[in-house]
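[1] I need the structure of the sequence given here:
(one chain, ligands or ions: 2)
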Amino acid sequence: MPGSGLILGIESSCDETAAAIVERGARTISSVVASQIATHARYGGVVPELASREHLRAIVPVVRAALAEAHIALADLDAIAVTSGPGLAGALLVGITYAKALAFANRLPLIAVNHLEGHIHAVLLNEREAEGAPEHWVPPVSSLRPGIEAAPHSDPALALVVSGGHTHLYLARPIDDTWSYTLVGRTVDDAAGEAFDKVAKLLGLGYPGGPWIDALAKFGNPRAVPFAFAQIKSKVHLAGQPPRTKAAKTAPIAHLDPHFLFSFSGIKTAVLRYVELNQMRAESRARVAHVLERLRPPQTREEALALCPQPTLDLISSFQHAVVGDLKRKTFAAAESLGARRVLVTGGVAANRELRERFSQEAAARGVRILFPTLALSTDNAAMIAAAAWPRLLKQQFAPPDLSADPALALR
Ligand code: KG4
Ligand code: ZN
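    Numbering: from 1, shown residues only. Ligands and ions are numbered 1, 2, ... in the order given. Sure thing, here's the model as predicted:
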């Protein structure tokens with residue numbers, strides 16, 4: 001049985017080097033994130049080789065900072081947890097190799113955590129923190145309507161993991177002290193965050209694109225450009241074919257209900273066509289240098305208009321409105337069809353304001369509970385990794401000594 005219940009989590013699957021100390025999966029003692037945004041911004045996306053190099057630079061100081069902020073020595077820990085996939089192979093290996101060495105040298109068990117399970121536990125960690133510290137209790141973003149009872153913790157939850165690499169729907173079931181996951185839906189091509197990033201890039205905005213689109217969208221008309229998502233009718237043509245996308249590798253598509261499948265590559269192309277047809281590209285491109293210098297999304301209409309003319313703001317707003325609408329429709333349809341009374345939305349795109357607002361309204365109208373992580377826990381961090389490791393520590397599920405990176409690790 002665990003003694004202190006303290007787990008050091010290490011995360012390096014993409015472009016954030018992170019370390020955190022979490023107690024019993026329920027209390028964050030420290031959480032340090034070193035972002036590589038400045039390194040990758042000039043390329044408009046994550047460059048895998050640069051990511052590995054930056055992780056190598058950051059990993060030791062980040063872990064030291066997490067221990068120092070928590071006033072905790074390695075000897076106080078019960079275990080070390082590390083993300084073993086999915087993600088970039090070279091980036092994952094930096095975290096795994098360091099975690100292994102640290103665990104071996106300090107005779108601590110090592111726990112391997114799936115990054116997607118980590119995102120789900122970001123929400124659960126917030127929930128447990130709220131319950132464990134009633135004096136600091138902050139209601140979830142959407143509180144329940146009067147008269148609606150909270151779903152018991154033993155009830156299944158529908159989880160939408162929506163980030164730069166993933167758009168996956170899982171039915172998450174608490175079983176004993178641990179969780180089991182069933183894939184319910186996913187994107188057949190690009191992730192939603194990838195669409196935000198690509199649209200922002202083609203408009204000449206900063207990287208990552210999500211926060212820029214989020215900030216600019218409120219200055220445009222969401223109904224100016226009627227983007228539509230066609231229902232994915234059949235997946236027969238994909239059955240038995242080798243996976244072609246990152247998402248396909250982490251989750252095979254067979255047996256999924258097509259109503260819960262997403263596709264975001266079409267809307268990205270539609271935005272590109274719209275930009276070309278309306279000759280908006282050159283104009284927005286001319287602003288690139290200016291935008292990249294700022295690295296801060298606009299706060300006022302004047303600032304937004306200085307960056308983008310009104311038609312571009314309308315396009316951005318319409319794009320975001322369409323993506324959020326599609327995510328919302330399919331997520332709540334899946335929750336209803338599976339009888340889930342709790343919906344968790346997590347991953348970088350869960351930071352989006354319009355998404356939080358519209359999901360909260362829908363949940364209230366349907367009488368289901370909606371939960372989002374705090375903004376800091378929405379994007380990649382290590383507290384979620386340490387929290388996800390807690391049930392595994394209770395069950396003594398440790399990583400094998402030959403643990404390696406699995407860039408396409410599936411969640412079960
Ligand atoms: O979870 P995350 O940090 O890393 C991955 O696992 O991918 O998510 C990063 C993604 C990026 O695509 C970024 O553009 C998107 O999340 N993102 C947002 C917002 N903040 C981050 N998308 C929409 N609105 C936001 N506010
Ligand atoms: Zn992530």
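[2] what's the burial count for the closest residue to residue 230 other than its chain neighbours?
    What sits nearest to residue 230 in space, not counting adjacent residues and going by CB to CB, 6 or more residues apart in numbering, is residue 266, at 7.7 Å. For every residue, glycine as well, the C-beta is placed using N, CA and C. By other CB atoms under 10 Å, 15 other residues sit near residue 266.
[3] measure residue 266 to residue 232 for me?
    Distance, residue 266 to residue 232, using CB to CB, to the nearest Å: 10 Å.
[4] ok, residue 171 next?
    Look at residue 171 and residue 232: by CB to CB, they are 19 Å apart.
[5] near ligand 1, which residues of the protein show up?
    Residues of the chain found near ligand 1 (CB under 6 Å from any ligand atom) are 14, 163-165, 193, 196-197, 208-211, 214, 347-349, 351-352, 379-380.
[6] which members of the residues you listed are positioned in helices?
    Residues of the residues of the chain next to ligand 1 located in helices (DSSP state H): 193, 196-197, 209-211, 214.
[7] which of those has the most neighbours?
    Using other CB under 10 Å as the neighbour criterion, residue 196 leads those with 28 neighbours.
[8] so who does it touch?
    208-210, 213, 320, 323, 349 (CB atoms under 8 Å, 6 or more residues apart in numbering).
[9] double-check residue 323 against residue 193; I have them as touching.
    No: counting by CB atoms under 8 Å, residue 323 stays clear of residue 193, with 9.8 Å between them.
[10] which residue sits closest to the residue sitting nearest the centre point of the chain, ignoring its sequence neighbours?
    With distances taken as CA atoms, centre = their mean, residue 347 lies nearest the centre of the chain, 1.6 Å away. Distance criterion CB to CB, 6+ apart; nearest residue to residue 347, sequence neighbours excluded, is residue 163 at 3.4 Å.
[11] likewise residue 5?
    residue 24 (3.9 Å).
[12] now the phi/psi pair for that neighbour, please.
    When read as degrees, to the nearest 10, the backbone of residue 24 gives phi 50, psi 30.
[13] report pLDDT for the nearest residue to residue 88 once chain neighbours are set aside.
    The shortest distance from residue 88 to any non-neighbouring residue, by CB to CB, 6+ apart, is to residue 48 (4.9 Å). The confidence metric pLDDT takes the value 89 at residue 48.
[14] swap in residue 241?
    Predicted confidence (pLDDT) for residue 241: 54.
[15] quick one, what contacts the residue of the stretch 51-200 of the chain found nearest ligand 2?
    Nearest to ligand 2 in the stretch 51-200 of the chain, going by CB to the ion, is residue 163, at a distance of 4.4 Å. Going by CB under 8 Å, 6+ apart, residue 163 touches 119, 191-193, 347-349, 379-380.
[16] residue 115 against residue 88, yeah?
    No: when contacts are counted by CB under 8 Å, residue 115 is not listed as touching residue 88 (10.8 Å).
[17] how's this protein carved up into domains?
    With domains defined by automatic domain parsing, the chain comprises 6-130+377-394, 192-371.
[18] straight-line length of the longest one, end to end?
    The one in question is domain 192-371. This stretch, domain 192-371, spans 19 Å end to end (CA to CA, to the nearest Å).
[19] say whether ligand 2 is contacted by it.
    No: Domain 192-371 stays clear of ligand 2 (CB under 5 Å from the ion), getting no nearer than 5.6 Å.
[20] ok now that domain, how far from the chain's centre?
    Domain 192-371 sits 14 Å away from the centroid of its parent chain (CA atoms, centre = their mean, to the nearest Å).
[21] where does pLDDT dip in the stretch 201-350 of the chain?
    233-254, 281-295 (pLDDT under 70).
[22] would you map the strands across it?
    All strands of the stretch 201-350 of the chain, identified by DSSP state E, counting those that start in this stretch, fall at 342-346.
[23] mean confidence score for stretch 394-403?
    95.
[24] from the chain's centre, how far out does that stretch sit?
    Chain-centre distance of stretch 394-403: 25 Å, with CA atoms, centre = their mean.
[25] could you do stretch 32-42 as well?
    On CA atoms, centre = their mean, the centre of stretch 32-42 falls 16 Å from the chain's centre.
[26] now that stretch: buried residues?
    Neighbour-count burial for stretch 32-42, counted by 16 or more other CB atoms under 10 Å, picks out 32-36, 39-40.
[27] now the longest helix along the chain against strand 342-346, angle please.
    Looking across the chain with DSSP H, the single longest helix is helix 310-338. With axes from the mean of the first three to the mean of the last three CA atoms, to 10 degrees as the basis, helix 310-338 and strand 342-346 are set at 140 degrees to each other.
[28] return the set of buried residues in helix 310-338.
    311-328, 330-332, 334-335, 338.
[29] and for stretch 183-194?
    For stretch 183-194, the neighbour count (16+ other CB under 10 Å) marks 183-194 as buried.
[30] chain center to it: distance?
    12 Å.
[31] same deal with stretch 155-175?
    When distances are taken as CA atoms, centre = their mean, stretch 155-175 is centred 11 Å away from the chain's centroid.
[32] end to end, how far does it reach?
    Start and end residues of stretch 155-175 are separated by 10 Å (CA to CA).
[33] average pLDDT for it, rounded please.
    In this model, stretch 155-175 has an average pLDDT of 94.
[34] find the closest residue to ligand 2 in the stretch 201-350 of the chain.
    Nearest residue of the stretch 201-350 of the chain to ligand 2 (CB to the ion) works out as residue 347 at 5.6 Å.
[35] residues contacting that residue?
    119, 160-163, 166, 193, 378-379.
[36] same thing but 10 Å
    115-116, 119-120, 122, 159-168, 191-193, 373, 378-380 (CB atoms under 10 Å, 6 or more residues apart in numbering).
[37] no more questions from me, cheers.
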